[in-house]
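1. Sequence plus the predicted model coming up.
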Amino acid sequence: MIVEMRRGATQEQVDAVVERARSYGCEVQLNIGTDKVVAAILGSDTGSLSTDMFAVLPGVQSVTRVMVPYKLASHEFKPGPTVVHIGGAAIGGPHLVVMAGPCSIESHEQLLSTARHVRRVGATVLRGGAFKPRTSPFSFQGMGLEAVRLLDVVRQETGLPVVSEITSPSLLDAMVEHVDALQIGTRNMQNYALLSAVGQSGKPCILKRGLAATVTEWLQAADYLLATGNDQVILCERGIRTFETSTRFTLDIASVGVVKRASHLPVIVDPSHAAGHYALVPTLARAAVAAGADGLLIEVHPDPVNALSDGLQSLTFSDFERLMGEIGALAAVMQRPLAPVAVEEGPAGD
Ligand code: PEP
Ligand code: MN
């Protein structure tokens, strides 16, 4: 941390900065210039000190962090990439992983037919919503625990590992035994009690970016999960709120590259919630693969016209199949081929 004193700061004011730093076990290097003093505060754990504790002292002009404010998610903490395992799928490894499924689970037949189709055309993880965090309390809220149970049934029927969103720590016990990974949605990215509880569960987790969160805040949220000792964390870019209204959210495609430079965690892209319209999903999905994302999370529904949530952005089976063809070709060009669908797993027929 660098503390810049004001021009004309007194010796007592400089001494107060030095004393405060030492009281927290830090070393101080003073750089005494012709008209101002700059103090470098050094220590292995300056990340846990707030900049405010120096900024409030008299005579201080500014305080700047040298280290990034996220610690465990950073490359500085772990130089190599982290690979996250959801059942047999490895995210962050040599293959591009596609996760797909309905926004909301609506019935056994709907989930099973979707699972069989997405598996047949190359998806290796099934994602289905059981608890839906809807903007309005009057919108369909999901089938809840009954849907979680259906995920378990369909996993056994198809062999696909399953992911579903958790909206409260109180649901953990009921969900962990039925799903292979938990999703934390955009509206809960800064629900710190939920992050810590999911981290402690030991389950792999997909952490969506908050719709108004900076990449730094997103990585700090990931630190809450990682701080529990659970390193099975996947970041998911799903679009942010901007002034643009022609898409539901603005897909920040650059964040894929920003995260790759800053963090060892895998990053996937959800083109569905960013696009908000089925016709735009392929454009964003292709961009994500070209940008170097480790995977995709795509909403697919057997009958989008009658879907109980997010029908407009859901792909039909045939649209998803066509997109998978395009993604497969692009992934090969990117030398990141699609993850193979395990042959020994459950029945594939549809
Ligand atoms: C979802 O995945 O269906 C969902 C609600 O996503 P988000 O949290 O990104 O809005
Ligand atoms: Mn949705």
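-> Perfect, thanks for sending it. Ligands and ions are numbered 1, 2, ... in the order given.
2. residues in the stretch 1-150 of the chain within reach of ligand 2, list them.
-> residue 103 (Cβ under 5 Å from the ion). Using the backbone N, CA and C atoms, a C-beta is placed for each residue, glycine as well.
3. Please enumerate the strands of the stretch 1-150 of the chain.
-> Secondary structure of the stretch 1-150 of the chain (DSSP state E, counting those that start in this stretch): strands located at 2-5, 27-32, 37-42, 60-64, 84-86, 89-91, 97-101, 125-127.
4. Now do the last one: which elements does it pack against?
-> Think strand 125-127. If contacts are counted by 3 or more Cβ pairs under 8 Å, 6 or more residues apart in numbering; DSSP states H and E, strand 125-127 sits against strand 97-101, helix 108-120, helix 145-158, strand 162-165.
5. can we see that at 7 Å?
-> Judged by 3 or more Cβ pairs under 7 Å, 6 or more residues apart in numbering; DSSP states H and E, strand 125-127 is in contact with strand 97-101, strand 162-165.
6. on that earlier part again, just send the strands of the stretch 1-150 of the chain back as TSV, with mean neighbour count too.
-> Shown next, in TSV, are the strands of the stretch 1-150 of the chain (neighbours: other Cβ atoms under 10 Å):
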stretch	mean neighbour count
strand 2-5	20
strand 27-32	12
strand 37-42	18
strand 60-64	16
strand 84-86	22
strand 89-91	23
strand 97-101	28
strand 125-127	30
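7. so which of those strands comes closest to ligand 1?
-> Among these, the nearest to ligand 1 by Cβ to the nearest ligand atom is strand 125-127 (7.3 Å).
8. The closest one - what's its average pLDDT?
-> Strand 125-127 shows an average pLDDT of 98 in the prediction.
9. Show me how far it is from its chain's centre.
-> For strand 125-127, the separation from the chain centroid amounts to 16 Å (computed by Cα atoms, centre = their mean, to the nearest Å).
10. three-state assignment of the residue of the stretch 251-350 of the chain found nearest ligand 2?
-> Of all residues in the stretch 251-350 of the chain, residue 310 sits closest to ligand 2, at 3.7 Å by Cβ to the ion. With DSSP: H, G, I helix; E, B strand; the rest coil as the basis, residue 310 sits in coil.
11. Would you list the phi and psi of it?
-> phi 50, psi 40 (degrees, to the nearest 10).
12. Nearest residue to it in space, ignoring adjacent ones along the chain?
-> Of all residues not flanking residue 310 in the chain, residue 103 sits nearest, at 3.7 Å (Cβ to Cβ, 6 or more residues apart in numbering).
13. closest to residue 76 out of the helices and strands packed on strand 125-127?
-> Nearest to residue 76, of all these, is strand 97-101, at 26.4 Å by Cβ to Cβ.
14. other SSEs contacting that closest one?
-> Packing partners of strand 97-101 (3+ Cβ pairs under 7 Å, 6+ apart): helix 108-120, strand 125-127, strand 295-299, helix 317-333.
15. now check that strand, is it near ligand 1?
-> No - Strand 97-101 lies apart from ligand 1 when judged by Cβ under 6 Å from any ligand atom; the minimum separation is 9.6 Å.
16. List the contacts of that strand.
-> Contacts to strand 97-101, defined as Cβ atoms under 7 Å, 6 or more residues apart in numbering, come from residues 89, 91, 114-115, 118, 122-128, 163, 294-298, 300, 320, 324, 327, 338-339.
17. And for stretch 71-85?
-> With contact meaning Cβ under 7 Å, 6+ apart, stretch 71-85 is reached by 47, 68, 90-93, 204, 219, 222-223, 226-227, 231-234, 262-266.
18. again, 6 Å this time
-> Residues outside stretch 71-85 that contact it (Cβ atoms under 6 Å, 6 or more residues apart in numbering) are 47, 68, 90-93, 204, 219, 222-223, 226, 231-232, 234, 263-266.
19. same thing with stretch 311-324?
-> Residues from elsewhere that reach stretch 311-324 (Cβ under 6 Å, 6+ apart): 117, 121-122, 272, 275-278, 282, 299-301, 304, 307.
20. ok, back up a step: give me the buried entries from the contacts of stretch 71-85.
-> Taking 16 or more other Cβ atoms under 10 Å as the criterion, what is buried in the contacts of stretch 71-85 is 68, 90-93, 204, 219, 222-223, 226, 231-232, 234, 263-266.
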